[in-house]
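[1] Sharing a model that was predicted from the sequence below.
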There are 2 protein chains.
Amino acid sequence: MKKCILLIAVSILVACNQKKTPTNLTTDLSEQEKRDSTQIKHLFNAALTEGKSYEWLRDLTKNIGGRLSGSPEAQKAVEWGEKVMKEVGLDSVWLQPVMVPHWVRGKKEEAYYTSKGQKKNVPICALGFSIATPSDGVTAEVIEVKSLEEAEALGDKMNGKIVFFNRAFDDTLINTFRAYGGCVDQRVRGASICGQFGAKGVIVRSMTNAIDDYPHTGTMSYGDLPVSKYIPAAAISSKAAEDLSKDLKNNPTLKFYFKQNCKNLPDAPSFNVVGELKGSENPENIFVVGGHLDSWDLGEGAHDDGTGIVQSLEVAYLFKENNIRPKNTLRVVFFMNEENGTRGAKKYAELAKLNNENHIGGLESDAGGHTPRGFSIDANSTNTELLQSWKKLLSPYGLHDFDKGGSGADIRPLKAEDVTLVGYRPDPQRYFDYHHTSRDTFDKVNKRELELGSASMASIIYLMDKYLNSDTPVKP
Amino acid sequence: MKKCILLIAVSILVACNQKKTPTNLTTDLSEQEKRDSTQIKHLFNAALTEGKSYEWLRDLTKNIGGRLSGSPEAQKAVEWGEKVMKEVGLDSVWLQPVMVPHWVRGKKEEAYYTSKGQKKNVPICALGFSIATPSDGVTAEVIEVKSLEEAEALGDKMNGKIVFFNRAFDDTLINTFRAYGGCVDQRVRGASICGQFGAKGVIVRSMTNAIDDYPHTGTMSYGDLPVSKYIPAAAISSKAAEDLSKDLKNNPTLKFYFKQNCKNLPDAPSFNVVGELKGSENPENIFVVGGHLDSWDLGEGAHDDGTGIVQSLEVAYLFKENNIRPKNTLRVVFFMNEENGTRGAKKYAELAKLNNENHIGGLESDAGGHTPRGFSIDANSTNTELLQSWKKLLSPYGLHDFDKGGSGADIRPLKAEDVTLVGYRPDPQRYFDYHHTSRDTFDKVNKRELELGSASMASIIYLMDKYLNSDTPVKP
């Protein structure tokens, strides 16, 4: 027991001294960059010690919860958004009216099949915009396919059957959003194809890397299909998809039953929530920072997109806390209806055009609230290079990804040659464990990861406001 | 409802196309580097589609659980380790006997105090190596301090009191391990200082960024204190520490009670578990990859360090799956007793010296199983630069940190001028939410993050094996 304290203490300290501090990394910077680096450090310090985003998120997710467009919860979220924007002390806060689709899930769905005398319940949920099944459900044999092409090739063979789309995520893709992009056509377009050929319904493997019991909802579309040919569409859990696929091999004529009670109601009135800090030099130039206020109904809309909402507001809060008055106007927008219609985004862009507003840039956070990785840049090549040159200022905070790519569904309608659109990119590994499920809840969000995201966003907006302009970008 | 399917599908696909694939990044590489890049891609693909680490971890954590040195669970873990190494088909597997400290917690601790007539229970746990309280507990007034220096300056004023160390993590440090390093002296050395001056006990704020109800255990030491002056030492939850600090301001003479039943037993026999793949060209040169098999007793030892154990074995498994025979011998080591004594590490290094083994490098994973960030390099400058030159091969997988720094407590005793030691560095934001608590359980580990770590480790070992040698490192 007489071990040397000093040795233990020293060895723990040596073990912990793993990384240089961000401030040590300022040695290769110009004087201007050092000043920017110091300001960025202040933004991170404020987020990590005085940040409000985590408590805002708790309030939004636990006291309001899931907030699908048109629902009473979505309306509560609008009122909540207006309230917190005013509490932060933005110069002005207003609501932008917008009509949104109003789809309701109704009573909880059910599904099962029997294989070798054993009844298997299947975790299932209706897809957004889908119609209900008849009141006694749908029962039919199942045809499994892996793609839209394979389904289309079946033609009339699917008449009277349930078509089961079972193409899984490609787990070898490091960016899980690309795996999602490689599968989601099944969810979006499956029913529109199978409805043509008289299928009785469509079930789709959930959009996730995980093998578990949680069905993932999401939007679908009947496209140009005549209403008479609409068929019900649902997602089943990935585990159930794997099991069903195995059981179909042994028992190809098994009958699958599902019942759902969803409904499309007339469009409902709703709002984007907008607030701004007026620019000190060029108030007519506008940067937008935002996320979407609506969410799916199954969970609490925590990672999708409660985190984007509270981070966007925290950008303005951190500016105020650090006495940064932007040169251009900084506008925080809580967009309505990203999940099933992007009506809020369209309305915002329509009004911007109508009012001759001069948007010079935008930043969206809609990829979850996990630990920061970087940004995805949708801009002309000059501005892309400018943003990429800030990597050395931001890499001490774990921000290394500055690739060209998409920004976000809500700011994309603002795209133009001189508009610099940016998507915040947190780590994507866990995102599709929760996305559009009952598991997307507050407890899945880590406070520090959320706050580091807010500070990352505030930092790039700080630099964009300082160095970007719509005519001739200036290098720092 | 007649929305254009194509538009939805295209916009989702555009949104998902956020990053180049790793294979697109090979354009700036030499032919040799392209071959290495391809091999690395195979290692990642295998980990993400055929990896065994997650199921191994489930088995270790759920079927054995916490495995403190000297416990029956630690012995089960040794047997488990030998079994899984043999299942992977290593060329040889053996046990290295080592005597380890044997501290037991005994019956669950309890603590409370009364403030303004209200009894407050305090989440508490004994620190490793601490003695018990008397059987009726310790009751005393509390003096709060923020540092060892402040405690030492109190001198005899602490006689008969409980000293409460309450310096919190510095939340502005991006690397949470540095925040830990800045506080852990309170836990390790508090009792040795306060015992000198007749304090009745020491309570320490838990080592975490989070404010919650979970006490964090960990090792402490009485140093050179005479046994007669030993005093009981415990950790209280961060939330309780905040509350107690507030209550002490209003009520400085409040009495704090705690009781613990821990005990130091005679050293117990245990083992390191060792297995190796023989090198094809220089079998006498050895690379070690490892983690520690023991854990604290409160949780399941998932992130600390079950993940390091299964990732280390997966390195060998991935080599075999991809038909990579290392040029040098690759030795997988499950070290015993990292948490309270590092006896396994010392024994391993002692035997390596005794047997004249030629270790040329080592890699340890003991910083949790979260998403990969990079490596910390403890090597001479030539080899450090060589490892840093591989960043371009590994950055497509999120590995950007290649700083000089410590490696790990278990491989550090192998340190020498020509030995290249590396610490695997996953994202550190969530680690101290779980570290040394009852929350360090299997469900906190994400399968993909774990597997990406295994593949990251396999990739750098692949490169080290190919390009490092103990005499003259060759650039790729």
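    Structure's in. What do you need?
[2] which residues of the stretch 51-200 of chain A score low on pLDDT?
    The stretch 51-200 of chain A contains no residues with pLDDT under 70.
[3] Okay, residue A:310 and residue A:362: tell me how far apart.
    For residue A:310, the distance to residue A:362 (Cβ to Cβ, to the nearest Å) stands at 18 Å. For every residue, glycine as well, the C-beta is placed using N, CA and C.
[4] Strand partners (parallel or antiparallel) of the longest strand seen in chain A?
    Secondary structure of chain A read by DSSP state E shows that its longest strand is strand A:263-277. Take DSSP bridges as the rule and strand A:263-277 pairs in its sheet with strand A:92-104 (antiparallel), strand A:328-335 (antiparallel).
[5] Can I get stretch A:379-393 in PDB? Just the C-alpha atoms.
    Taking C-alpha atoms only, stretch A:379-393 is exported to PDB below (Å, rounded to 0.1, in the frame of the first residue of the first chain):
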ATOM      1  CA  ALA A 379     -21.100  28.100 -52.600                       C
ATOM      2  CA  ASN A 380     -19.200  29.400 -55.600                       C
ATOM      3  CA  SER A 381     -15.500  28.400 -55.800                       C
ATOM      4  CA  THR A 382     -14.100  31.700 -54.400                       C
ATOM      5  CA  ASN A 383     -16.300  31.600 -51.300                       C
ATOM      6  CA  THR A 384     -15.800  27.800 -50.900                       C
ATOM      7  CA  GLU A 385     -12.000  28.400 -50.800                       C
ATOM      8  CA  LEU A 386     -12.500  31.200 -48.400                       C
ATOM      9  CA  LEU A 387     -14.500  29.100 -46.000                       C
ATOM     10  CA  GLN A 388     -12.000  26.200 -46.400                       C
ATOM     11  CA  SER A 389      -9.200  28.600 -45.400                       C
ATOM     12  CA  TRP A 390     -10.800  28.900 -41.900                       C
ATOM     13  CA  LYS A 391     -10.100  25.300 -41.200                       C
ATOM     14  CA  LYS A 392      -7.000  26.200 -39.300                       C
ATOM     15  CA  LEU A 393      -9.000  28.400 -37.000                       C
END
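[6] still on that earlier bit, now the longest strand of chain A: mean pLDDT?
    The average pLDDT for strand A:263-277 rounds to 98.
[7] try stretch A:453-470
    Mean pLDDT, computed over stretch A:453-470, is 94.
[8] what about it, near chain B?
    No. Judged by Cβ under 8 Å from any Cβ of the partner chain, stretch A:453-470 stays clear of chain B, getting no closer than 9.8 Å.
[9] And the helices in chain A, which stretches?
    Using DSSP state H, the helices of chain A run over residues A:5-16, A:31-50, A:53-58, A:72-88, A:148-154, A:176-181, A:184-196, A:238-250, A:307-321, A:343-354, A:381-388, A:391-394, A:431-434, A:447-467.
[10] May I see those helices organised as TSV, with mean neighbour count added?
    Formatted as TSV, those follow (neighbours: other Cβ atoms under 10 Å in any protein chain shown):
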stretch	mean neighbour count
helix A:5-16	17
helix A:31-50	18
helix A:53-58	21
helix A:72-88	18
helix A:148-154	15
helix A:176-181	23
helix A:184-196	24
helix A:238-250	17
helix A:307-321	27
helix A:343-354	18
helix A:381-388	17
helix A:391-394	19
helix A:431-434	22
helix A:447-467	26
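[11] Identify whichever of those helices lies nearest to residue B:59.
    When the helices of chain A are compared for distance to residue B:59 using Cβ to Cβ, the nearest one is helix A:238-250, at 19.6 Å.
[12] can you tell me the average pLDDT over the closest one?
    Helix A:238-250 shows a mean pLDDT of 98 in the predicted model.
[13] what do you get for stretch A:356-367?
    Stretch A:356-367 shows a mean pLDDT of 97.
[14] Quick check: which of the helices of chain A is nearest to residue B:91?
    For residue B:91, the closest of the helices of chain A is helix A:5-16, at 31.5 Å, according to Cβ to Cβ.
[15] for that closest one, what is the average pLDDT?
    In this model, helix A:5-16 has a mean pLDDT of 46.
[16] which residues touch residue A:248?
    For residue A:248, the contact set (Cβ atoms under 8 Å, 6 or more residues apart in numbering or on different chains) comprises A:142, A:144, A:164, A:254.
[17] Recalculate using a threshold of 10 Å.
    Going by Cβ atoms under 10 Å, 6 or more residues apart in numbering or on different chains, residue A:248 touches A:113, A:115, A:141, A:142, A:143, A:144, A:164, A:166, A:254, A:256.
[18] Check residue A:93 too.
    Residues near residue A:93 by Cβ under 10 Å, 6+ apart: A:81, A:82, A:83, A:84, A:85, A:86, A:87, A:273, A:274, A:275, A:276, A:332.
[19] what's the most distant pair in those residues?
    Distance extremes for those: the farthest pair is A:83 and A:276 at 16.3 Å, using Cβ to Cβ.
[20] Could you export the strands paired with strand A:263-277 as TSV, including distance to residue B:199?
    What follows is the strands paired with strand A:263-277, written out as TSV (distance: least, Cβ to Cβ, whole Å):
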stretch	distance to residue B:199
strand A:92-104	55
strand A:328-335	52
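[21] Give me whichever of the ones you listed is most buried.
    Of all the strands paired with strand A:263-277, strand A:328-335 carries the top mean neighbour count, a mean of 27, counting by mean count of other Cβ atoms under 10 Å in any protein chain shown.
[22] Just want the angle from it to helix A:307-321.
    Using axes from the mean of the first three to the mean of the last three Cα atoms, to 10 degrees, the direction of strand A:328-335 lies 150 degrees away from that of helix A:307-321.
[23] Can you show me the CA trace of strand A:328-335 as CSV?
    Output of strand A:328-335 as CSV, limited to C-alpha atoms (Å, rounded to 0.1, in the frame of the first residue of the first chain):
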residue,chain,number,x,y,z
ASN,A,328,-24.8,42.2,-41.7
THR,A,329,-28.2,41.2,-40.3
LEU,A,330,-28.2,37.9,-38.6
ARG,A,331,-31.6,36.2,-38.9
VAL,A,332,-32.6,33.2,-36.9
VAL,A,333,-35.3,31.1,-38.6
PHE,A,334,-37.2,28.2,-37.1
PHE,A,335,-38.6,26.7,-40.3
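[24] ok now it, how far from the chain's centre?
    Centre-to-centre, strand A:328-335 and its host chain are 18 Å apart (Cα atoms, centre = their mean, to the nearest Å).
[25] just stretch A:419-437 next, same as before
    When distances are taken as Cα atoms, centre = their mean, stretch A:419-437 is centred 5 Å away from the chain's centroid.
[26] Determine whether any part of that stretch lies close to chain B.
    Yes. Contact of stretch A:419-437 with chain B (Cβ under 10 Å from any Cβ of the partner chain) involves A:423, A:425, A:427, A:428, A:429, A:430, A:432, A:433.
[27] What is the end-to-end distance of stretch A:326-340?
    Using Cα to Cα, to the nearest Å, one end of stretch A:326-340 lies 33 Å from the other.
[28] ok, now stretch A:434-448?
    Stretch A:434-448 has its terminal residues 19 Å apart, counting by Cα to Cα.
[29] May I see the buried residues of it?
    Buried residues in stretch A:434-448, counted by 16 or more other Cβ atoms under 10 Å in any protein chain shown: A:434-442, A:444-448.
[30] So stretch A:179-186, near chain B or not?
    Yes. Judged by Cβ under 10 Å from any Cβ, stretch A:179-186 comes into contact with chain B at A:179, A:180, A:181, A:182, A:183, A:184, A:185.
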